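Trainee: got a predicted structure here, sequence first:
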Amino acid sequence: LHIDRNGDLLIARDSGGDGRGGALAIARRNLATGATTVVADRYQGKRFNGPNDVTSDAQGRIYFTDARYSGKEPMELPNAVYRVDPDGRITQLATDIFRPNGIEVSPDGRRLYVAAANAKPLPTNPHGPAADKFGFTLGGVAAYDLDANGNISNGRAFFRNDELMVDGMTLDRWGNLYLAMHNGNPKAPATGIVVLNPRGEVVERIPTPGVGWTTNLGFGRGADAESLYLTTAIPFRVFRIRTLRQGHYF
């Protein structure tokens, strides 16, 4: 989920398993009226595999990751990163992360971050990529330069973790990147929350609740801007962490 510059809720709709409930699309919900519309569900006539995470920039462009994490529908596209322009045009930006997940645009609009959650037990996409360009064996974050038109270049490894996947992410106003990480193992779960500064240095490790996998992070807004919210899976819970930082929103 992501709130854009207009105050609309952008929703990445995954499969949910065997075609139940997900619709494989990016949707927009007007929080004032409740009206929900589909932003994108196909690229060049082919259905997405399972939009996983979504963000936007100050110009209203939408960026999202598409990779199969659940469901058994036929895969028609490679695991990839996409951009949707305000006029609805869809551009495939990258296919170089084996299984992309979280995604964020830096506060200055000059960098795109994409998380890697390269879980090995999940089915490999027959359309690729066959390998991770950045060498991430399990978890990591790639950083790309982002130009004024929303195009990316100079992709490079920004953070790496060979024991935990990087799932959802969020940013504060100062451009620090907050990572929710876990190993995807329900029998012996391992988790972590790491904060990186814009240079890629670990500046904080936030203790996890010790319940479930840490899957996503997001700051509150307005008077609640100093609350960092955390979701977990297996079991599914929501936690609030009081901070001295405020979240970033365009």
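Mentor: Cool, got the structure. Numbers count the residues shown, from 1 in each chain.
Trainee: and stretch 179-196, C-alpha only, in CSV?
Mentor: Output in CSV follows, covering the C-alpha atoms of stretch 179-196 (Å, rounded to 0.1, in the frame of the first residue of the first chain):
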residue,chain,number,x,y,z
LEU,A,179,14.1,-2.5,5.7
ALA,A,180,11.9,-5.2,6.9
MET,A,181,13.7,-8.5,6.6
HIS,A,182,13.1,-12.2,7.3
ASN,A,183,14.2,-15.7,6.2
GLY,A,184,10.9,-17.0,5.0
ASN,A,185,11.2,-20.1,7.2
PRO,A,186,8.0,-20.6,9.4
LYS,A,187,9.6,-23.4,11.4
ALA,A,188,12.7,-21.5,12.3
PRO,A,189,11.9,-17.8,11.6
ALA,A,190,14.6,-15.1,11.7
THR,A,191,13.9,-11.4,11.3
GLY,A,192,15.4,-8.0,11.3
ILE,A,193,14.8,-4.3,10.9
VAL,A,194,17.7,-2.3,9.6
VAL,A,195,18.0,1.4,8.8
LEU,A,196,20.4,2.6,6.1
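Trainee: neighbouring contacts of that stretch?
Mentor: The contact list for stretch 179-196 (CB atoms under 8 Å, 6 or more residues apart in numbering) reads 102, 115, 117, 119, 121, 138-139, 141, 158-159, 161, 163-169, 176-178, 202-208, 212-217, 230-234. (C-beta placed from N, C-alpha, C; glycine too.)
Trainee: how near is the most centrally placed residue in the chain to Val114?
Mentor: Per CA atoms, centre = their mean, the C-alpha nearest to the average position across the chain is that of Gly102, at 1.8 Å. Separation of Gly102 from Val114 (CB to CB, to the nearest Å): 7 Å.
Trainee: which residues do the two both contact?
Mentor: With contacts taken as CB under 8 Å, 6+ apart, Gly102 and Val114 have 65, 141 as neighbours in common.
Trainee: cool, thanks, signing off.
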